[in-house]
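Visitor: Make a model of this:
(3 chains)
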Amino acid sequence: MSQLVPLAMPPQSEAQLLAQAQQLAGLTLGELATRAGLPTPRDLKRDKGWIGVLLERWLGASAGSKPEQDFAALGVELKTIPVDSRGRPLETTFVCVAPLTGNSGVSWETSHVRHKLNRVLWVPVEGEREIPLAERRVGAPLLWSPSEEEEQQLRMDWEELMDLIVLGQVERITARHGEVLQLRPKAANSKALTEAIGAHGELIFTLPRGFYLKKNFTAALLARHFLLG
DNA sequence: TTTTGATCATAT
DNA sequence: ATATGATCAAAA
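Guide: Below is the predicted model of the structure:
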């Protein structure tokens, strides 16, 4: 009999990671926070990453803001995803910041997007704002890697977006570009600027951007899990 | 109601 | 400023 406690060390195998995640399914965020010794905020307005941090603790992720996969030894990334009562995503999923300079010769194969998404533990969490944060339940986890079709979709969008960035068109990119992967601001606020390439090859300053998975993509991946799994 | 653009907290 | 964790909220 193993008791329900946060993993004190990183899991040693995918099986151990998945088993721990499965133990959490059905429990509320309030229970998990209490048992992890964390206070539960009234809402997420000023604690947007709180659920992710809470689940990192429970699953023994190498804590904090290291530029690594959450489970470096396993090559696995953790993503919590807010879902509605039917299991459909309520938000897009941030993947990583987009490199706006130094992109000569970059390829999909060596991209940060592909690396981050190579292996992901998805943990759905009830996300409707009508449900008090402490009462929201954790769902069944899904250990996922992109199918050939999914990788192809991601690669097409990534290449389109990166082409525009390299050609100095970053400021013409909107969230409407891309079928499954989009580029949107990822910054503290609209005054934070970073270097990029301008339309005439010059250095410009623009908002930092991030790659996000659109809801159609994550919805399909979760649906496949719930229908087949 | 849904999506796009903006934003919040923390550590380094 | 960048990287971690994302959700908020104005606009369409």
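Visitor: what's the nearest residue to the residue located most distally from the centre of chain A if we skip its chain neighbours?
Guide: Going by Cα atoms, centre = their mean, the residue of chain A most distant from its centre is A:H200, 33.5 Å out. Excluding the flanking residues, the one nearest A:H200 by Cβ to Cβ, 6 or more residues apart in numbering is A:G168, at 6.8 Å. C-betas here are computed from N, CA, C, even on glycine.
Visitor: ok, that neighbour touching A:G198?
Guide: Yes: using Cβ atoms under 8 Å, A:G168 is in contact with A:G198, at 5.1 Å.
Visitor: if we can go back for a sec, and the gap between the residue nearest to A:H200 and DNA strand C?
Guide: Remark: distance between A:G168 and DNA strand C (Cβ to the nearest atom of the strand, to the nearest Å) = 17 Å.
Visitor: How much space separates that residue from A:L203?
Guide: With the distance defined as Cβ to Cβ, to the nearest Å, A:G168 ends up 10 Å from A:L203.
Visitor: So for those two, which sits in the more crowded spot?
Guide: A:G168 (16 against 9; other Cβ atoms under 10 Å).
Visitor: Per-residue pLDDT of the more buried one, please?
Guide: Here, the pLDDT recorded for A:G168 equals 98.
Visitor: Enumerate every residue touching it.
Guide: When contacts are counted by Cβ atoms under 8 Å, 6 or more residues apart in numbering, A:G168 touches A:196-201.
Visitor: Common neighbours of A:G168 and A:L203, please.
Guide: Contacts common to A:G168 and A:L203, judged by Cβ under 8 Å, 6+ apart, are A:196-197.
Visitor: tell me which parts of chain A are close to DNA strand B?
Guide: By the rule Cβ under 7 Å from any atom of the strand, the part of chain A lying against DNA strand B is A:45-49, A:64-65, A:92, A:174-176, A:182, A:184-191, A:207, A:214-215.
Visitor: repeat that with 6 Å
Guide: For chain A, the contact set with DNA strand B under Cβ under 6 Å from any atom of the strand comprises A:46-49, A:64-65, A:92, A:174-176, A:184-190, A:207, A:215.
Visitor: which helix of chain A spans the most residues?
Guide: The longest helix of chain A (DSSP state H) is helix A:148-166.
Visitor: just the strands in chain A please.
Guide: A:77-83, A:93-97, A:120-126, A:142-144, A:181-185, A:194-197, A:203-206, A:209-213 (DSSP state E).
Visitor: Present the ones you listed as CSV; the columns should include mean pLDDT and distance to A:R35.
Guide: Shown next, in CSV, are these (pLDDT from 0 to 100; distance: least, Cβ to Cβ, whole Å):
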stretch, mean pLDDT, distance to A:R35
strand A:77-83, 98, 17
strand A:93-97, 98, 26
strand A:120-126, 98, 16
strand A:142-144, 98, 23
strand A:181-185, 98, 35
strand A:194-197, 98, 40
strand A:203-206, 98, 44
strand A:209-213, 98, 30
